[in-house]
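Student: Coordinates for the following, if possible.
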Amino acid sequence: MSKESKSLEEQLGDDDWAIIIGKDGSLKGMFIPEGSDEDDVPLSIVHIMEKYFGIDFGDDEQDNDEDDDNMTRTLH
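Tutor: Residues are numbered from 1 along each chain as shown. Here you go, the predicted structure:
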């Protein structure tokens, strides 16, 4: 394994996702690959964010304007 340090962007492929966690363990954000949106979040990331960070992605079966507004927010 190389000891050379690489940036996050250098390590990610074109369709990779990333959860960004601060040094204190708090959720700072989520990297969404270009061409994807919140509706495409992999189930493993949904599970981690719901279980460990209390993020509610809502029920995909609901077609509710309020839920649509919440899904367009970007985590920072």
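Student: Now the helix ranked longest in the chain: average pLDDT?
Tutor: Ranked by number of residues, the top helix in the chain under DSSP state H is helix 43-53. Averaged over helix 43-53, pLDDT sits at 94.
Student: and it, what does it pack onto?
Tutor: strand 18-21, strand 27-31 (3 or more C-beta pairs under 8 Å, 6 or more residues apart in numbering; DSSP states H and E). In this view, the C-beta of every residue, glycine as well, is placed from N, C-alpha and C.
Student: Can you list the neighbours in contact with that helix?
Tutor: Contacts to helix 43-53, defined as C-beta atoms under 8 Å, 6 or more residues apart in numbering, come from residues Trp17, Ile19, Leu27, Met30, Ile55, Asp56, Phe57.
Student: Any buried residues in that helix, and which?
Tutor: Ile45, Met49 (16 or more other C-beta atoms under 10 Å).
Student: Report the angle between that helix and strand 27-31.
Tutor: Angle between the axes of helix 43-53 and strand 27-31 is 170 degrees (criterion: axes from the mean of the first three to the mean of the last three C-alpha atoms, to 10 degrees).
Student: Can you show me the CA trace of helix 43-53 as CSV?
Tutor: Extracted in CSV, the C-alpha atoms of helix 43-53 (Å, rounded to 0.1, in the frame of the first residue of the first chain):
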residue,chain,number,x,y,z
LEU,A,43,-29.4,1.7,0.7
SER,A,44,-26.3,1.1,2.8
ILE,A,45,-25.7,4.8,3.2
VAL,A,46,-29.4,5.4,4.0
HIS,A,47,-29.1,2.7,6.7
ILE,A,48,-25.9,4.2,8.2
MET,A,49,-27.3,7.7,8.2
GLU,A,50,-30.7,6.7,9.7
LYS,A,51,-29.2,4.4,12.4
TYR,A,52,-26.2,6.4,13.5
PHE,A,53,-27.1,10.0,12.7
